[in-house]
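Colleague: Predicted model, plus sequence, below.
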Amino acid sequence: MGERKRGQADGQRGEAPSTSVAVAILYIARVVTSLMIIGGLGLAIWMYVWSRQVIATYPVEPDNDVTRGFFIGVAGGLGIAGLSVVALVGLSRGRRWGGIVDVFQWVVIWLPFSFGLQQFSADAFAISTTVSLAGALVGVLAFIAAPRGRLAKGRPGVRLGPET
């Protein structure tokens, strides 16, 4: 009587509120981020191939006005792939900053995604906003689900679990 279990309020850090839900959220965030790596690299390759086709069929030597958009597309695809790799490393290690980088990449990609979809759909703005908000929500949930603080494994004098 009078005993209580030690938990988050008593200074024990590193445990997520609901372990199975947190693991599922972090798994989903890693899958989405992996798809962003594939999408970013796919965009870079697509823009490069498309630029080669345009340059080959251009009647005169193309200047920077013709090639600038393709360069921006390739650089944007590689940038998103790079941000996704950084986010995936953080998420794979269970670090909270992986979720923050994930949210940042969705914020960065939202407007270019909208412009890119305009040639395919009249609802490009709504589609890009919905997809980007869903991706950012996954990043926020991954930030919340990741354990707080660093887990002190194997350090003498540090208690890792509740007292028995």
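Modeller: Structure received.

Colleague: only C-alpha atoms for contact and neighbour calcs from this point on.
Modeller: OK.

Colleague: and stretch 44-57, how far from the chain's centre?
Modeller: Remark: stretch 44-57 is offset 27 Å from the chain centroid, using Cα atoms, centre = their mean, to the nearest Å.

Colleague: Is residue 110 part of a helix or strand, or is it coil?
Modeller: Of the three states, residue 110 takes helix under DSSP: H, G, I helix; E, B strand; the rest coil.

Colleague: no no, residue 120
Modeller: The three-state label given to residue 120 by three-state DSSP is coil.

Colleague: That one: what's it in contact with?
Modeller: Neighbour list for residue 120: empty [criterion: Cα atoms under 8 Å, 6 or more residues apart in numbering].

Colleague: For it, give its distance to residue 114.
Modeller: As judged by Cα to Cα, to the nearest Å, residue 120 and residue 114 stand 10 Å apart.

Colleague: cool, and residue 21?
Modeller: Separation of residue 21 from residue 114 (Cα to Cα): 32 Å.

Colleague: Equivalent analysis for residue 52, please.
Modeller: 24 Å.

Colleague: Between these two, point out the one with more neighbours.
Modeller: Taking neighbours as other Cα atoms under 10 Å, residue 52 and residue 114 compare with residue 114 leading, 19 against 14.

Colleague: Only the buried residues of the strand or helix carrying residue 129, if you could.
Modeller: Assigned by DSSP states H and E, residue 129 belongs to helix 124-145. Going by neighbour count (16 or more other Cα atoms under 10 Å), the buried part of helix 124-145 is 124-125, 127-129, 132-133, 135-145.

Colleague: pLDDT of stretch 57-64, averaged?
Modeller: Looking at stretch 57-64 alone, the average pLDDT works out to 80.

Colleague: again but with stretch 89-108, I slipped
Modeller: Taken as a whole, stretch 89-108 has an average pLDDT of 87.
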